[in-house]
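**Q** following is a predicted model, sequence given first.
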Amino acid sequence: MLAQDWLNQRKQSLELMEWLLAFQPKELPPDLKEQLVRIGIKSLSPAEAYSALMGMDWALSEFKTLLPALAPEIQECLKLSDRLAVGSVHDTEFNGFAINLKDDQGIAIVFFSGAFFTLNMAAGLLCLAAEPQFQTRICDAGSLTFGIPNSESIRLMREAQLRYWWDSLKPSPIEFVSWNLPHFVRRYCDLGVSDTPDALRPFEPLPLPGDPKRYGHPLEASSYLAAYGRRFLLLHECGHVALNHLTADEKPVKPIAEREYEADRWAFENLIYAHKTEQEKAVSLLGAWMVLTTLKWFEEYAPIEAGSHPPAASRLDRLIVFVEDEADTRAEFRDDASRLLRQTAKLADDMHQASEQMRSDLAQIGDSLWSCIELCSLEGDTTAFRDQFPRWLLQGVPDKLSRAFANARRRVAEETASAAEINPQLALKQEMLDWALRAATHSNSQRLAAFIRATDYYADRAT
């Protein structure tokens, strides 16, 4: 099986379409309909629209856009073929990976839908707390890189809109946003999934290029920052290929930390090479910072296992050293890029400090799934769970979510066994779990069958 066939098979094995479609509303929101039409999805039934969206491969699309901007020898090294495949699969992981398949079948570079969603949300929180000048700088660079119109009238419109949103979040935009940060981090670390933080939901979806409502939209700058971050993720994994880090016999050529640092540096260098103006180069490096800072947030909540990637904090330190001392650029550019990175790091630190009380409060309660179930049962309304659970599934079904679901089933079973009678709150808990499992049980998906087996297995072990 050649690399492209291997990647296609992996995509199919991770499919969750039937389960997710069972949860979709009968009608799409009007704003979403409008945006789907703009990207050419004419059929507006929820099932067909969702199927079309999930069929998009963000990694392959962005790889094809990025590759021509790299050096000719790198373009040749990374030329797509049956033996070199690049693509995204429907799963929740943040880091991608590159694998040299056995029996000389080629190399597959794999990314995850989870990275796309999670990076958008992390960048969204950061940019919503940032001053208009910061967001304008990112938008100016992003417009150049991605070919988005950015005339003087558009810039004036954007500046006016950003000032309006900034004033609406006063007196403290950082405090408005920061209470969402611990929820976002905790949910990813508890369940292996992420969904749009409450602070960002009122602004979704971001209008597409060409729509006047896009310019100065609260999510415009973060969309560019996340796009630069995805370029770093792509280049990091491509670096493993270009630097010959992969061996078919699975024997590493170097210690893992050394390989990861080398791939990071290769990605930093090629971010600078791939972008034409110094304005773009600086903001592209900020995209790398956004990726590593997001990983740092997760690692502070749940430290990484030994033998995995080196700590994100160490990788961030090396990014700063690269920008300030090692980048093959003008000294004035290095100073400007360093100032941008350090100012943004200060903003992230302020957000972290402002969220201290919320982090302390969340540490006292159960995991995100059980908290949602308990709150809905206390309020006597399952609407929030029925809205939230499908959002978690958009990126796949990680092992952490299976464990949390199994734990919820065990707790409800214990409450049922000890109860003299089934009270309304307990009945609602049972109803929510049964609702979530019902569609999975009737699906032919291998992934859903694995989810059911896993929740059964963990629930049995717990008892």
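**A** Alright, I've got the coordinates.

**Q** ok, Trp378 to Asn407 distance?
**A** Just to correct that, residue 378 is Leu rather than Trp. 19 Å (CB to CB, to the nearest Å). C-beta here means a position set from N, CA and C on the backbone, and glycine is covered the same way.

**Q** the two - which one has more neighbours?
**A** Asn407 (18 against 10; other CB atoms under 10 Å).

**Q** that one: which element?
**A** In this structure, Asn407 sits in helix 399-418 according to DSSP states H and E.

**Q** what is the rounded mean pLDDT of whichever helix or strand comes after that helix?
**A** With elements assigned by DSSP H and E, the helix or strand that comes after helix 399-418 is helix 424-441. For helix 424-441, mean pLDDT rounds to 86.

**Q** before we move on, what about stretch 367-380?
**A** 92.

**Q** got it, and stretch 231-248?
**A** 92.

**Q** tabulate the CA atom coordinates of that stretch in PDB.
**A** Taking Å, rounded to 0.1, in the frame of the first residue of the first chain, the C-alpha atoms of stretch 231-248 are listed here in PDB:
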ATOM      1  CA  ARG A 231       2.000  27.000   8.200                       C
ATOM      2  CA  PHE A 232       4.400  26.400  11.100                       C
ATOM      3  CA  LEU A 233       2.800  23.000  11.800                       C
ATOM      4  CA  LEU A 234       3.100  22.100   8.200                       C
ATOM      5  CA  LEU A 235       6.700  23.200   7.900                       C
ATOM      6  CA  HIS A 236       7.700  21.500  11.200                       C
ATOM      7  CA  GLU A 237       6.600  18.100   9.900                       C
ATOM      8  CA  CYS A 238       8.100  18.700   6.400                       C
ATOM      9  CA  GLY A 239      11.300  19.500   8.200                       C
ATOM     10  CA  HIS A 240      11.500  16.000   9.500                       C
ATOM     11  CA  VAL A 241      11.300  14.800   5.900                       C
ATOM     12  CA  ALA A 242      13.800  17.300   4.500                       C
ATOM     13  CA  LEU A 243      16.200  16.700   7.400                       C
ATOM     14  CA  ASN A 244      16.100  12.900   6.900                       C
ATOM     15  CA  HIS A 245      14.800  12.200  10.400                       C
ATOM     16  CA  LEU A 246      12.600   9.300   9.200                       C
ATOM     17  CA  THR A 247      13.800   5.800   8.900                       C
ATOM     18  CA  ALA A 248      11.700   2.800   7.600                       C
END
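
**Q** which of the residues in it are buried?
**A** Neighbour counts over stretch 231-248 (16 or more other CB atoms under 10 Å) mark 231-242, 245-246 as buried.

**Q** tell me which of those residues is nearest to Ala302?
**A** Leu233 (20.1 Å; CB to CB).

**Q** tell me which element the closest one falls in.
**A** Per DSSP H and E: helix 220-242 holds Leu233.

**Q** next, the buried residues of the next helix or strand along the chain from that helix.
**A** Where DSSP H and E defines the elements, the next helix or strand beyond helix 220-242 is helix 256-274. Neighbour-count burial for helix 256-274 flags 259-261, 263-272, 274 (criterion: 16+ other CB under 10 Å).

**Q** closest one of those to Glu152?
**A** When those are compared against Glu152 (criterion: CB to CB), the nearest one is Ala274, at 26.9 Å.

**Q** give me the pLDDT value at that closest one.
**A** The confidence metric pLDDT takes the value 97 at Ala274.

**Q** present the buried residues of stretch 231-248 as a markdown table; the columns should include distance to Leu162.
**A** Formatted as a markdown table, the buried residues of stretch 231-248 follow (distance: CB to CB, whole Å):
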| residue | distance to Leu162 |
| --- | --- |
| Arg231 | 24 |
| Phe232 | 25 |
| Leu233 | 27 |
| Leu234 | 29 |
| Leu235 | 30 |
| His236 | 31 |
| Glu237 | 34 |
| Cys238 | 34 |
| Gly239 | 35 |
| His240 | 38 |
| Val241 | 40 |
| Ala242 | 39 |
| His245 | 42 |
| Leu246 | 44 |
